[in-house]
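1. Here is the input, now give the coordinates:
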Amino acid sequence: MRAGGYLIMKIGLCQMMISKSNKMDNLKRAQYMIHEAVKRGAEIVALPEIFNCYYNLKYFKKYAENPHNYGETLNMLSSTARELGIYLIGGSIPEIDEKGNLYNTSFTFNEKGELIGKYRKIHLFDVNINNKVNFKESDTLTPGNKISVIDTKWGKIGIAICFDIRFPELIRIMALKGANAIFVPAVFSMATGPDHWETLFKSRAVDNQLYMVGISPARNTNYSYAAYGYSVAVDPWGKIINILDEKEGILISELDLDYIQKVRKSLPILKNVRRDIYKSLL
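-> Now for the predicted structure:
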């Protein structure tokens, strides 16, 4: 909260190693890392994309859960948030609805363990990159159609997932809806991460003069789809506040929310957005 007159959001990013073999192992690992992040002072903790199973389409239906009938993952997230008195951004997990549709969904819980936000990945990852990464989420997943901006005691935060960060329109809309920080659970590959990861987070932060936060799994080079890693927090001026490497770890960062207004006052980008011209997009 307020520290030395400044409004501070202290965040913890859990760059966990995802197991192929066992959902419960992943949940136990996530829960352990959440506890460790809180011990280090985090008040908002975030997990990676698809943290309860290996990032492979064939696993998604097996590990999917329905938010109307909590399974092991959602129960763990809710109870842990309540136990520790924190806001918990549950990365993302496979979600299944009553019709059998699968989504890549992020669930956010408040300090009472209440579900306060659900975001289904809008832009599905359908790519073939130099024959190194061939992935088509739309073969298994259904895209979401709602933007997620969540009220917290620090103000509003936005949630996007991985491929979404490549669509500046989405991030701009969240900024115009009042988001101070946007959390992006993501599994960038080794084909794009080294060239694009930092650039994208810095670009979206500069474009919208807010904090951009990326949460990746740790890298396992034995997996056919190896995560890039490098979970990161970027400030509204585009400066990297803190970043991990590829290994498992916890990243603790303090986000000075008052700094957002200082940047926007000195360089009034959002104030000068021509909504009259862009209204068809925004």
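2. ok, K239 to K61 distance?
-> 41 Å (CB to CB, to the nearest Å). Bear in mind the C-beta positions are built from the backbone N, C-alpha and C, glycine included.
3. Point me to the helix or strand that includes A233.
-> In this structure, A233 is located in strand 232-234 according to DSSP states H and E.
4. Give the pairing partners of that strand; include direction for each.
-> strand 211-215 (antiparallel), strand 240-243 (antiparallel) (DSSP bridges).
5. Indicate which one of these is closest to M76.
-> strand 211-215 (17.0 Å; CB to CB).
6. Which residues does the closest one contact?
-> 11, 13-15, 46-49, 89, 91, 165, 171, 180-186, 197, 201-202, 204-205, 230-236, 253, 255, 260 (CB atoms under 8 Å, 6 or more residues apart in numbering).
7. Tell me which of those fall in strands.
-> 11, 13-15, 46, 89, 180-185, 232-234, 253, 255 (DSSP state E).
8. Which parts of the stretch 1-150 of the chain are helices?
-> In the stretch 1-150 of the chain, the segments counted as helices under DSSP state H, counting those that start in this stretch are 23-39, 57-63, 72-84.
9. where among the ones you listed is the average confidence lowest?
-> Note on those: helix 57-63 shows the lowest mean pLDDT, a mean of 87.
10. So which bits of that helix are buried?
-> Of the residues in helix 57-63, 59-60, 63 count as buried by neighbour count, 16 or more other CB atoms under 10 Å.
11. quick one: which of the residues you listed is nearest T152?
-> Nearest to T152 out of the buried residues of helix 57-63 is Y63 (CB to CB; 27.8 Å).
12. where does the closest residue to the closest one other than its chain neighbours sit relative to N22, distance-wise?
-> Leaving aside its chain neighbours, Y63 sits nearest to C53 (4.0 Å; criterion: CB to CB, 6 or more residues apart in numbering). Note on C53: its distance to N22, by CB to CB, is 9 Å.
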